[in-house]
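[1] here is the input, now give the coordinates:
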Amino acid sequence: MRARLLEATVEVLVERGFAGTSTTLVSERAGVSRGAQLHHFPTKNDLVVAAVEHLTERRGAELAEAVAQLPAGGRRTRAVVTMLGDHFASPVFAAALELWVAARTDEALLAAVAPLEQRVGREAHRMTAAALGADESRPGVRELVQATLDLVRGLGLASTISDDSARRRRILREWADVLDREMTRN
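    Predicted coordinates:
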């Protein structure tokens, strides 16, 4: 029941945003009684904080799964960058984005979201560096990995407003070429 409530919370966050998410809507979506929902999560913030933790685990698992599916050899950089672009344009990222925006003005939510997002950020950076085979001891390479993550987050944000997948593909293709060139430079 708890898992159904958390998944329903993420779905409602994606569809309606944080402001439009209510415990009543989540209960209905999860197919549980309001009393059962209140037993597990007495307040909206309790529910959303638990959903943040659930979402953090889910985002990490999805990213790890995508990294595991990457091809070896030529064009790996392009595959890594494309995979990241897809991940950060997914509904799971949209739900996380809703929480980031809400946490900006909600201290209790910020206290829950900030440490989890820091953990996700570190793990995403580590996975990206490993997937790219990046030698971060070389000058500028760590910054290139971080710029890649910043780029895909920004493109993910843009995708919440309109379908810009064609533009995103072009930008990421060019960025992959830049990464290949810059990370192998002597």
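[2] hey, let's count contacts and neighbours off CA atoms from now on
    OK.
[3] buried residues, stretch 1-14. List them.
    2, 5-14 (16 or more other Cα atoms under 10 Å).
[4] how about stretch 19-37?
    21-23, 25-27, 29-30, 32, 37.
[5] let's verify residue 134: helix, strand, or coil?
    coil (DSSP: H, G, I helix; E, B strand; the rest coil).
[6] now do stretch 89-101: distance to the chain's middle.
    Distance of stretch 89-101 from the chain centroid (Cα atoms, centre = their mean, to the nearest Å) equals 6 Å.
[7] was I right to think residue 27 contacts residue 38?
    No: checked against Cα atoms under 8 Å, the pair residue 27 and residue 38 is beyond contact range at 9.2 Å.
[8] so residue 46 versus residue 143, what's the distance?
    The gap separating residue 46 from residue 143 is 36 Å, by Cα to Cα, to the nearest Å.
[9] the more surrounded of those two?
    Neighbour count, other Cα atoms under 10 Å: between residue 46 and residue 143, residue 46 has more, with 15 against 11.
[10] pull out the buried positions in the helix or strand hosting residue 147.
    Using DSSP states H and E, residue 147 falls within helix 141-159. Residues of helix 141-159 classed as buried under the neighbour-count rule (16+ other Cα under 10 Å) are 141-142, 144-146, 148-149, 151-153, 155-157, 159.
[11] export that helix to PDB, keeping only CA atoms.
    Taking C-alpha atoms only, helix 141-159 is exported to PDB below (Å, rounded to 0.1, in the frame of the first residue of the first chain):
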ATOM      1  CA  VAL A 141      37.800  17.000 -17.200                       C
ATOM      2  CA  ARG A 142      35.800  17.100 -14.000                       C
ATOM      3  CA  GLU A 143      34.300  20.400 -15.200                       C
ATOM      4  CA  LEU A 144      33.400  18.800 -18.500                       C
ATOM      5  CA  VAL A 145      31.500  16.000 -16.800                       C
ATOM      6  CA  GLN A 146      29.700  18.600 -14.600                       C
ATOM      7  CA  ALA A 147      28.900  20.800 -17.600                       C
ATOM      8  CA  THR A 148      27.400  17.700 -19.300                       C
ATOM      9  CA  LEU A 149      25.000  17.200 -16.300                       C
ATOM     10  CA  ASP A 150      24.200  20.900 -16.100                       C
ATOM     11  CA  LEU A 151      23.400  20.800 -19.900                       C
ATOM     12  CA  VAL A 152      21.100  17.800 -19.700                       C
ATOM     13  CA  ARG A 153      19.300  19.300 -16.700                       C
ATOM     14  CA  GLY A 154      18.700  22.500 -18.500                       C
ATOM     15  CA  LEU A 155      17.400  20.700 -21.600                       C
ATOM     16  CA  GLY A 156      15.200  18.600 -19.300                       C
ATOM     17  CA  LEU A 157      13.800  21.800 -17.900                       C
ATOM     18  CA  ALA A 158      13.100  23.100 -21.400                       C
ATOM     19  CA  SER A 159      11.300  19.800 -22.300                       C
END
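[12] this completes my enquiry, with thanks.
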